[in-house]
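Engineer: Predicted model follows, preceded by the sequence.
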Protein chains: 2
Amino acid sequence: MNSDIFVDRLRDAVGSERVIVDPDIMNSYRADRTTTVQGEMPRVVITPSSTAQIARAVKLANEFEVPVIPQGALSGLAGGADPISGSLVINVAKMDRILDIDPVNLLATVEPGVINKTLKDAVAKEGFFYPPDPGSYTFCSIGGNVSTNAGGLCCVKYGVTADYVSELEIVSPTGEIMTLGRRTKKSSAGYRLAQLFVGSEGTLGVLTKATMRLRHAPAPVAGTVVASFSILEEMGDALREIASKLSPSLLEVMDQETVRAINAWKNLGIDEEAEAVIVAQSDVKGGEGAEELKLIEAICAQSGSGEIYRTEDPDEADALLEARRLALTALERLGPAILDDVGVPVSRIGEMISEIAKIAKKWQITVGTFGHGGDGNLHPTLVLPSRDQEVIEIADRCFADIVAAALSMGGTISGEHGIGLIKRDFMKDQYGTEEIEWMRRIKAALDPKWLFNPNKVVFDRLMP
Amino acid sequence: MNSDIFVDRLRDAVGSERVIVDPDIMNSYRADRTTTVQGEMPRVVITPSSTAQIARAVKLANEFEVPVIPQGALSGLAGGADPISGSLVINVAKMDRILDIDPVNLLATVEPGVINKTLKDAVAKEGFFYPPDPGSYTFCSIGGNVSTNAGGLCCVKYGVTADYVSELEIVSPTGEIMTLGRRTKKSSAGYRLAQLFVGSEGTLGVLTKATMRLRHAPAPVAGTVVASFSILEEMGDALREIASKLSPSLLEVMDQETVRAINAWKNLGIDEEAEAVIVAQSDVKGGEGAEELKLIEAICAQSGSGEIYRTEDPDEADALLEARRLALTALERLGPAILDDVGVPVSRIGEMISEIAKIAKKWQITVGTFGHGGDGNLHPTLVLPSRDQEVIEIADRCFADIVAAALSMGGTISGEHGIGLIKRDFMKDQYGTEEIEWMRRIKAALDPKWLFNPNKVVFDRLMP
């Protein structure tokens, strides 16, 4: 083994058993789930078990001026956790304990490596509800959810991860252990540092503990409505009307490509002649839930839906939802897939899906679009015939056109996955020079050596 | 009139009719509603009507290195809008137009001077609900609400102002017009600058336009429950149990001093032998609202409430709520009053009210405590026998003891009023050196000349 004083000091700081330098093992820490980018080989990976170990490691990184890449479950979809050459990777996946569930103040305190579903299940047992539910909820972790401000199917009614952040313990870029936010329900005491940290994608420190807000468990889902539309514009009309009048607990959309891919795999018999299908649920208590679903059906019928199906059977509802959750995997079966994540105002969903179809046609690429119709967040998924260089280049231009279309409708370049590496070049299209400049100045102020995830979000690899 | 080049240039920049230098008139811009502090005489006050005017004025302030104090309705309760000597006051109260109500994306765009109630009423007409409702909602403005992250009675169920912020237009401390946040329901694109701006109390720029999220109108209130408790601890038990199991749309608390002050004024016949009274409402739709109220009554009875009163009469409910809203005014009738604003975890409300009573006894000062029991935010109000210096000094120590008690219970030094001048010295008790240091570094990064409200929140008057 080569001598590396930094690594030797790390071993003293966190324990040899938590330090990985074997390139074969380090290789498995080189990339998240993003298919289009790949990280470089880090200098060393550590898998700490405590905040104190992380603080010691970060102090050392400052001393040796080694870039730091925070990592968790590696389930990210924007390359945000990909290492750069020579960096220290701090992977907190093993810090995975639920520390406390407070049933009066409706808070759960967890280590960052706790899997989203593990938290959901644990609080559900005590009658509570932790809403955020990214597609990856069975294998993504709370640390990553906080770092990307993750969303999910729940957002249409229950909001995003940021809405559930109460208090965060972090190790700052200079190695200090800090507490951001407050466990009280309200606090107006200085800058909202916890909210600044949310979505900062590992550029402002490592999350070491998170206190998340809970809700009371909602009523069981009253039923599920599936409505198909042969004209995209009419689906858009229906979504607009639903958004304006009702608060469904789920309101998803899938285009024809997506439905066909799902049917081809799972044979669920969803109408694949339709241009788009929406799936809606209500969890309002008592008869009001059924009433809300009836209104959704009525709106869909009035808007021109050709086929409306409703079920109160929870198993059937689960199967439909599972089908929607498997949209990405179904499309991936057809070829190498590139997943996008754009948001538009709900009023423009129909228009956006239609625009995506035009862009797909222009570049002659198959694009399946699905996503969270009720909150305007879509996942157009490019399915490529091959990984040939010229195909990838065309795909990149198609991807860029989709992002530009979202922005032209007042949208966002990322609804819930984050910027990481893959959206970095689009940040200047969403924001003006001044907003980017504020982000850079904040980064420089809080990470003066520019060590933390130095090449992500709006940053280049080197200090500015 | 003395010659003042800065003022002359300001006249050119924003129009003479918007520039005030008459000391008698400027005097009325010297203080918000905080009784214990008073601002100094500014150099000049402007009352702009557009973002462009503000940007020009701020550029000039940078050129002449003149401190800038953003102001709105002057309804603040922490001295956050009080000028310092020689400063430029930018009062945006006259920028009071509602620019747009978007019924599909559930957004309202307003100028900062729009009064909270004006916005509420305007969106209610179209079937929507803007929840934040500070006690001052009939005369406070949205700009101030955003700047302090204001709360209100709604927060127990519907959250605080921050939860309703979508997109903000500001003029930065260097005079740039910037757009923070995004109108989409979700966005994971870089640092959450809009959330950083919320609650920054005029230290990071002037808010010039705010797009706020709306909700669908809730069902009419199903009824109101008033329960009185002769033992404070039993009231605390009831609140804990309600918080753990139910989601009332209102859950207020008043102690004996407060109830007596209200009865003495309005003669509402609320039980004034009780140590504490809670007022609860439910706005759940259909029969579920009545069901929720029954459960609240049952919990109160089980916890030991001596008297439980329930009404479905909306007029009577309004009268009870009005009484609660008038708590401060009722206490002010008894003598010079100092209003506090602390938060504790809901689980510790009973304990906190009891602790406040002990502190009041220790300093022999009358303290009436009321507030938002359901979210842990209390307003202990010191009623002084006189404004004599020795009385004020004792009151200050009593006030400090109350703040310390809240912190000792994991609470916050401000639930919804902000820090301004009056809580500045307590910031170091709530946060560690590092958290304060982050706030200072962010301030220095975004306001490099340290011009904006330079003496508020955690800052001293001079650049560090």
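Structural biologist: Here it is on my side, so go on. Numbering: from 1, shown residues only, chains lettered A, B, ... in the order given.

Engineer: pLDDT weak spots in chain A?
Structural biologist: Where chain A drops to pLDDT under 70, the residues are A:1-2, A:461-464.

Engineer: Would you mark the buried spots in the top helix by length along it?
Structural biologist: In chain A, ranked by residue count with DSSP state H as the criterion, the top helix is helix A:389-408. Residues A:391, A:394-395, A:398-399, A:401-407 are the ones in helix A:389-408 that count as buried (16 or more other C-beta atoms under 10 Å in any protein chain shown). The way it works is simple: take the backbone N, C-alpha and C, and place the C-beta from them, glycine included.

Engineer: what's the closest of the residues you listed to residue A:165?
Structural biologist: When the buried residues of helix A:389-408 are compared for distance to residue A:165 (C-beta to C-beta), residue A:406 wins out at 25.7 Å.

Engineer: sorry, back to before: dump the longest helix of chain A to PDB, keeping only the CA atoms.
Structural biologist: Taking only C-alpha atoms (Å, rounded to 0.1, in the frame of the first residue of the first chain), the coordinates of helix A:389-408 have been written out as PDB:
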ATOM      1  CA  GLN A 389     -21.800   8.300 -29.500                       C
ATOM      2  CA  GLU A 390     -24.000   9.900 -32.200                       C
ATOM      3  CA  VAL A 391     -27.100   8.700 -30.500                       C
ATOM      4  CA  ILE A 392     -26.000  10.100 -27.200                       C
ATOM      5  CA  GLU A 393     -25.300  13.500 -28.800                       C
ATOM      6  CA  ILE A 394     -28.700  13.600 -30.400                       C
ATOM      7  CA  ALA A 395     -30.200  12.600 -27.000                       C
ATOM      8  CA  ASP A 396     -28.300  15.500 -25.300                       C
ATOM      9  CA  ARG A 397     -29.900  18.000 -27.700                       C
ATOM     10  CA  CYS A 398     -33.300  16.500 -27.200                       C
ATOM     11  CA  PHE A 399     -32.900  16.700 -23.400                       C
ATOM     12  CA  ALA A 400     -31.800  20.300 -23.700                       C
ATOM     13  CA  ASP A 401     -34.800  21.100 -25.800                       C
ATOM     14  CA  ILE A 402     -37.100  19.600 -23.200                       C
ATOM     15  CA  VAL A 403     -35.500  21.600 -20.400                       C
ATOM     16  CA  ALA A 404     -35.800  24.800 -22.500                       C
ATOM     17  CA  ALA A 405     -39.400  24.100 -23.200                       C
ATOM     18  CA  ALA A 406     -40.100  23.800 -19.400                       C
ATOM     19  CA  LEU A 407     -38.300  27.100 -18.800                       C
ATOM     20  CA  SER A 408     -40.300  28.800 -21.500                       C
END
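
Engineer: list the helices and strands the next helix or strand along the chain from it packs on?
Structural biologist: Scanning forward in sequence from helix A:389-408 by DSSP states H and E, the next helix or strand is helix A:427-430. Contact partners of helix A:427-430 among helices and strands, from 3 or more C-beta pairs under 8 Å, 6 or more residues apart in numbering or on different chains; DSSP states H and E: helix A:389-408.

Engineer: hmm, the helix it packs on touching chain B?
Structural biologist: No - Helix A:389-408 is not in contact with chain B by C-beta under 8 Å from any C-beta of the partner chain; minimum separation 8.9 Å.

Engineer: residue ranges for the strands of the stretch 251-400 of chain A, please.
Structural biologist: When secondary structure is read from DSSP state E, counting those that start in this stretch, the stretch 251-400 of chain A shows strands at A:276-282, A:307-311, A:337-339, A:342-343, A:366-372, A:377-383.

Engineer: Pick the most buried one from those.
Structural biologist: Most buried of the strands of the stretch 251-400 of chain A, by mean neighbour count (mean count of other C-beta atoms under 10 Å in any protein chain shown): strand A:342-343, with a mean of 30.

Engineer: got the domain boundaries for chain A?
Structural biologist: The domain map for chain A lists A:5-91, A:98-216, A:223-408, with the assignment taken from automatic domain parsing.

Engineer: Quick check: end-to-end length of the shortest one?
Structural biologist: Across its full length, domain A:5-91 reaches 21 Å between end residues, using C-alpha to C-alpha, to the nearest Å.

Engineer: What of stretch A:200-208?
Structural biologist: Termini of stretch A:200-208 sit 14 Å apart (C-alpha to C-alpha).

Engineer: distance between that stretch and the chain's centre?
Structural biologist: Here the centre of stretch A:200-208 is set off from its chain's centre by 15 Å, with C-alpha atoms, centre = their mean, to the nearest Å.

Engineer: circling back: could I get the domains of chain A as CSV with distance to residue B:329?
Structural biologist: Below are those laid out as CSV (distance: least, C-beta to C-beta, whole Å):
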stretch, distance to residue B:329
domain A:5-91, 48
domain A:98-216, 22
domain A:223-408, 36
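
Engineer: Out of those, flag the one nearest residue B:320.
Structural biologist: Counting by C-beta to C-beta, residue B:320 lies closest to domain A:98-216 out of these; the figure is 22.7 Å.

Engineer: For the closest residue to residue A:279 other than its chain neighbours, which residues are in contact?
Structural biologist: On the basis of C-beta to C-beta, 6 or more residues apart in numbering or on different chains, the spatially nearest residue to residue A:279 that is not a chain neighbour turns out to be residue A:252, at 4.6 Å. Residue A:252 makes contacts with A:153, A:278-280, A:324, A:370-374, as judged by C-beta atoms under 8 Å, 6 or more residues apart in numbering or on different chains.
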